[in-house]
Every structure is written in structure tokens, then in C-alpha cells.
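**Student:** coords below, sequence missing:
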């Protein structure tokens, strides 16, 4: 009787370990979800870069306006100083 119980335990353990190593639909879905995650991250990175690019363009335009304003003020200052 003890040998039958031991044999059954070994049999159950062998089936459980065999189940974890067999290929199944889940493995494919995990691989697909990983690829989907990579693709989603790439799209997010692209979106962030586009936003940063727009922000940089705005900042550069503002810098150009400030430089023009500074040049005008320096010109006015030079005129007042020479008068």
C-alpha cells in the first residue's frame, strides 16, 4: 500500500512538472504581449520626442524674440547715450 501511495505522488509530481515545460498557447501570448509592450513603448517614446521637439521650437522662437528685443533696447540705449 505504501508503494502505491509513493508511486502516485511521483506520478502527480511528474505530471505537474511536465505541464510547466510543455508549449501552450500561453507562451505565444506572453511573447506577443512582450512584443506589444515593446511596440507600445516605442510609440510612447515617439510621442514624447515629438512633444519635446515642439517645446524646443517654441523655446527657440522665444529666444529669438528676446534677442531681437535686446538688440532694440541696446540700440535705444546707444542713441540715448550718444545724445
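**Tutor:** Structure received. Just so it is clear, the model here is predicted, and its values are computed rather than measured. Residues are numbered from 1 along each chain as shown.

**Student:** quick check: mean pLDDT across the lengthiest helix in the chain?
**Tutor:** Taking DSSP state H as the criterion, the chain has its longest helix at helix 25-82. What helix 25-82 shows for mean pLDDT is 90.

**Student:** What is that helix packed up against?
**Tutor:** Applying 3 or more Cβ pairs under 8 Å, 6 or more residues apart in numbering; DSSP states H and E, one finds that helix 25-82 makes contact with no other helix or strand. From N, CA and C alone the C-beta is placed, and that goes for glycine too.

**Student:** Which per-residue confidence value corresponds to residue 6?
**Tutor:** We note a pLDDT of 55 for residue 6 in this prediction.

**Student:** show me the contacts for residue 52.
**Tutor:** Going by Cβ atoms under 8 Å, 6 or more residues apart in numbering, residue 52 touches no other residue.

**Student:** Against residue 46, how distant is it?
**Tutor:** 11 Å (Cβ to Cβ, to the nearest Å).

**Student:** Equivalent analysis for residue 75, please.
**Tutor:** With the distance defined as Cβ to Cβ, residue 75 ends up 44 Å from residue 46.

**Student:** cool, residue 59 as well?
**Tutor:** Counting by Cβ to Cβ, the gap from residue 59 to residue 46 is 20 Å.

**Student:** cool, residue 67 as well?
**Tutor:** In this view, residue 67 and residue 46 are 32 Å apart by Cβ to Cβ.

**Student:** for residue 33, same thing?
**Tutor:** Applying Cβ to Cβ, the value for residue 33 to residue 46 is 20 Å.

**Student:** go on, residue 54?
**Tutor:** The spacing between residue 54 and residue 46, counted by Cβ to Cβ, is 13 Å.

**Student:** What of residue 70?
**Tutor:** When Cβ to Cβ is applied, the distance between residue 70 and residue 46 equals 36 Å.

**Student:** ok, now residue 58?
**Tutor:** To residue 46, residue 58 is 19 Å away according to Cβ to Cβ.

**Student:** Since that was my last question, I'll sign off now.
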